Every structure is written in C-alpha cells, then in structure tokens.
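Colleague: below are the sequence and a predicted model for it; my questions follow.
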Amino acid sequence: MALKVGFQQLLDDANAEIETLSPDQAAALVGEDDVVFVDIRDIRELQREGKVPEAFHATRGMIEFWIDPDSPYFKPLFAESKRFVFYCQSGWRSALATQTVQRMGLENVAHIGGGFRAWKEAGHSVEEVPVKR
C-alpha cells in the first residue's frame with residue numbers, strides 16, 4: 001500500500017505550525033500558575049518513567065474530546081485562560097496533538113521538543129506516578 005502522506009510529512013507539517021519549547025524553556029515554566037503541562041502518554045508510560053511535576057494526564061486518544069466544550073467528555077480545565085504545554089515520550093505525538101488542538105481553537109499552546117525523554121536527559125525534575133491496583 002502506498003501512503004499519500006507518511007508520518008514524517010505529518011510531523012514536518014505540524015512542527016511548521018506550532019510552537020516548540022526546548023526542555024530548558026519548558027522547565028522554566030514549571031510552577032507558573034498560568035501554565036499547565038499536559039502529558040499525553042499512556043498511563044503505563046507515566047507509571048514506568050514518571051512525569052513533569054504537577055502535569056495533567058490526558059491520553060492522546062481522548063484529547064480532542066476533552067478539549068471540545070460540546071463533547072460529553074469535556075474537561076473544564078481546557079476552558080481556562082492558561083498556557084498549555086503538551087508532551088509525549090519523544091515529541092511526535094505531542095507535535096500532532098498540539099497542531100490538532102490549535103486547529104480546534106485552543107490558544108496559547110506549545111509542546112516540548114524531544115518529549116519527556118529530552119526532559120529527563122536535560123536533568124529536569126521528574127515526579128513519580130504510583131501504580132494503582
């Protein structure tokens with residue numbers, strides 16, 4: 001099967017439209033009242049590796065539904081006047097998610113280039129996520 005658009009083209013297109021923060025730029029925003037970090041990884045990734053301190057967990061598969069006020073799954077957090085910084089493990093899912101939510105109308109959004117892996121490699125704080133049984 002020949003694809004019309006491959007993943008790399010999707011990523012290139014997304015990165016051309018969105019703001020990308022370095023791990024250091026993002027780390028400078030931790031603890032700011034008007035900034036929400038949004039971890040879109042699977043819960044197993046969070047439990048295995050931790051997360052950015054105080055990050056909100058919103059799985060990639062639900063993000064569009066949680067942002068749209070007309071959705072039965074809407075989360076009021078996304079209606080607040082905040083800056084939303086999305087991240088995943090390597091920056092691919094978060095680039096696509098950031099592009100999508102920006103196109104939906106969510107303003108003041110960015111993502112962490114290189115994702116959580118780059119965050120950890122830069123030596124930034126990690127909050128453990130307990131396994132729920």
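Modeller: Cool, the structure landed.
Colleague: okay, which residue is most central for the protein?
Modeller: Phe86 (2.0 Å; Cα atoms, centre = their mean).
Colleague: let me see the backbone angles for that one.
Modeller: phi -90, psi 150 (degrees, to the nearest 10).
Colleague: could you give the bridge partners of it?
Modeller: Judged by DSSP bridges, the bridge partners of Phe86 are Val38, His111.
Colleague: look up how far Ile112 lies from it.
Modeller: Distance, Phe86 to Ile112, by Cβ to Cβ, to the nearest Å: 8 Å. (C-beta placed from N, C-alpha, C; glycine too.)
Colleague: who touches both of those two?
Modeller: By Cβ atoms under 8 Å, 6 or more residues apart in numbering, Phe86 and Ile112 have these common neighbours: Ser94.
Colleague: low-confidence ranges in this protein?
Modeller: Along the chain, the model assigns pLDDT under 70 to no residue.
Colleague: now the helices: where do they sit in it?
Modeller: Using DSSP state H, the helices found in the chain span residues 7-17, 23-27, 43-49, 63-67, 92-104, 115-121.
Colleague: may I see those helices organised as TSV, with mean neighbour count and distance to Val35 added?
Modeller: TSV is the format used below for the helices of the chain (neighbours: other Cβ atoms under 10 Å; distance: least, Cβ to Cβ, whole Å):
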stretch	mean neighbour count	distance to Val35
helix 7-17	13	21
helix 23-27	18	9
helix 43-49	15	19
helix 63-67	19	17
helix 92-104	21	14
helix 115-121	20	15
